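> quick check, what structure comes out for this input:
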Amino acid sequence: MTVARLYEPTRRTGFDLWLVVAPLLAAGLGTVMVYTATRTASGVYYAERQAGFCVIGIIVMAIFSILDYHRLEQVATAAYVAILLGLVAVMGMGSSALGASRWISLGPIQVQPSEFAILGLILAVATYCARRPDGLGWRDLSRILLMAGAPMGLVFLQPDFGTAIIMAVVLLVLLIAAGVPLRIVGLLLLAAVLAVVAAVEFGVLKQYQVLRFTAFLHQNSADPSIQQYIYNVQQSKDAIGTGGLFGTGIGRGTVTNLQYVPEQQTDFIFSAIGEQLGFVGSVAMLALLGSIAWRVLVTAVNARDVLGRLLAAGIFAFFAFSIFQNAGMATGIMPVAGIPLPFVSYGGSAIVCFFAACGVANSIARRRGV
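Numbering: from 1, shown residues only. Just a heads-up that it's a prediction; the model follows:
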């Protein structure tokens, strides 16, 4: 059985209905989880805002689903420049929280340009590669690295290591999908590792930043300097462990209700799922989100052209790594990197970006046979 036979958009509309239904289901459950994680201190405030973000995201998804994805190529340069300007603006006039400057306040709404930078990077690299049907030479590769390095560097300086890592992963997947030999990709990975080591050795990364990222390797340490960086993870693991096999029930999670998990509605929303829905519910949620990533991957395989294939491949990497990293840091197997769980974590910019990504994937799916 070929991959193409595993995927058949509806004949009448061409839409992949699962790329519509699954995000709606995940976002609906996510809003409930955000409510349970914040109701003790804030009532329905966060849940109402999350629901509003979802409505905006659904509208954006519908627009991109209907729009021919080839039109995005026409605005790729403008979108890339806008992303750079937004990231620069954050450095000068952005709002700060938890030691990072990542948001621009627009009245009652805070926009996080780094989330949109991921989609901007996917569009820019996909467009560049699609315009070179004869393959990428060393000059092309160097230009792509410079193109990606500018927004990644600005995101890194915020500092927003999590988003910078996602952008790096997305870039590698795009290069592989564009046909760059694996040996060259391996050299790029080695160069990235050496760059991180150099950043630590020369003080670009401060010691507290390194500890924040690597403390998960020493979760049983009694050293107070390490314990302060894994407190969130320990509380998250306690919440998930409390849930057992079937969970305590929605709204009945003691750890969640008492707000023992810091930033639970954002970075650690998976702990609320684990406590209230248990192992079974957690696996079901991961399966639901994983199915979205799978459908996007199959869309990439069946895309009609290079642009569609690369756009879908980048979106797949965006979804897959976000899911793995968020669930991983909530369970202590990955470092804490501030990456949201798609459609579930609280946050308007992330919600809109994930819905927009699904819309683009559906646009590619609709036109695979055109």
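
> rest of the way, CA atoms for contacts and neighbours
Will do.

> now do the helices in the protein.
Secondary structure of the chain (DSSP state H): helices at 18-42, 45-66, 70-74, 76-93, 113-130, 138-156, 161-177, 182-201, 207-214, 224-243, 254-257, 269-301, 306-331, 348-366.

> pick the most buried one from those helices.
Ranked by mean neighbour count, the helices of the chain are led by helix 348-366 with a mean of 26 (mean count of other Cα atoms under 10 Å).

> restrict it to CA atoms and write it as CSV.
Taking C-alpha atoms only, helix 348-366 is exported to CSV below (Å, rounded to 0.1, in the frame of the first residue of the first chain):
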residue,chain,number,x,y,z
GLY,A,348,-2.7,33.8,21.5
SER,A,349,0.3,34.0,19.2
ALA,A,350,1.0,30.2,19.5
ILE,A,351,-2.7,29.3,19.0
VAL,A,352,-3.0,31.5,15.8
CYS,A,353,0.3,30.1,14.4
PHE,A,354,-0.7,26.5,14.9
PHE,A,355,-4.1,27.1,13.3
ALA,A,356,-2.5,29.0,10.4
ALA,A,357,0.0,26.1,9.9
CYS,A,358,-2.9,23.7,9.6
GLY,A,359,-4.6,25.9,7.2
VAL,A,360,-1.6,26.1,4.9
ALA,A,361,-1.2,22.3,5.1
ASN,A,362,-4.9,21.9,4.1
SER,A,363,-4.3,24.2,1.2
ILE,A,364,-1.5,22.0,0.0
ALA,A,365,-3.7,18.9,0.5
ARG,A,366,-6.5,20.4,-1.6
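
> ok now that helix, how far from the chain's centre?
The chain centre lies 12 Å from the centre of helix 348-366; the measure is Cα atoms, centre = their mean, to the nearest Å.

> ok so, going back, need the helices of the chain in CSV with mean pLDDT and distance to Ile104, can you?
Formatted as CSV, these follow (pLDDT from 0 to 100; distance: least, Cα to Cα, whole Å):
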stretch, mean pLDDT, distance to Ile104
helix 18-42, 96, 23
helix 45-66, 96, 16
helix 70-74, 94, 25
helix 76-93, 89, 6
helix 113-130, 95, 8
helix 138-156, 92, 14
helix 161-177, 93, 16
helix 182-201, 87, 27
helix 207-214, 74, 23
helix 224-243, 88, 26
helix 254-257, 94, 29
helix 269-301, 97, 23
helix 306-331, 96, 23
helix 348-366, 96, 11
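
> what sits against the residue nearest the centre of the chain?
Central residue of the chain (Cα atoms, centre = their mean): Ser322, 4.1 Å from the mean position. The neighbourhood of Ser322, defined by Cα atoms under 8 Å, 6 or more residues apart in numbering, consists of Ile166, Ile339, Pro340, Leu341, Pro342.

> tabulate the residues you listed (JSON lines), appending distance to Ser363.
Listed next are the contacts of Ser322 as JSON lines, based on distance: Cα to Cα, whole Å:
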{"residue": "Ile166", "distance to Ser363": "23"}
{"residue": "Ile339", "distance to Ser363": "26"}
{"residue": "Pro340", "distance to Ser363": "24"}
{"residue": "Leu341", "distance to Ser363": "23"}
{"residue": "Pro342", "distance to Ser363": "19"}
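
> relative to Ser271, which of those residues is nearest.
Leu341 (11.2 Å; Cα to Cα).

> any chance of the backbone angles for that closest one?
phi -80, psi 120 (degrees, to the nearest 10).

> if I look at it, how far off is Tyr35?
Counting by Cα to Cα, to the nearest Å, the gap from Leu341 to Tyr35 is 15 Å.

> again with Asp267
According to Cα to Cα, Asp267 and Tyr35 sit 15 Å apart.

> quick one: contacts for Gly14?
By Cα under 8 Å, 6+ apart, the contact list for Gly14 reads Ala365, Arg366, Arg367.

> can you rerun that using 6 Å?
Arg366 (Cα atoms under 6 Å, 6 or more residues apart in numbering).

> same deal with Ala365?
Contacts for Ala365 (Cα under 6 Å, 6+ apart) come out as Thr299.

> for stretch 242-260, the distance to its chain's centre please.
That offset, for stretch 242-260, works out to 26 Å (Cα atoms, centre = their mean).

> repeat for stretch 116-130
Distance, centroid of stretch 116-130 to centroid of chain: 15 Å (Cα atoms, centre = their mean).

> residues contacting it, please?
By Cα under 6 Å, 6+ apart, stretch 116-130 touches Glu73, Ala76, Tyr80, Ile83, Met167, Val306, Leu307, Leu310, Leu311, Gly314.

> so how far is Ile351 from the nearest residue to Gly348 once chain neighbours are set aside?
Counting by Cα to Cα, 6 or more residues apart in numbering, Gly348 lies nearest to Phe53, which is 5.1 Å off, once chain neighbours are set aside. Going from Phe53 to Ile351 by Cα to Cα gives 7 Å.
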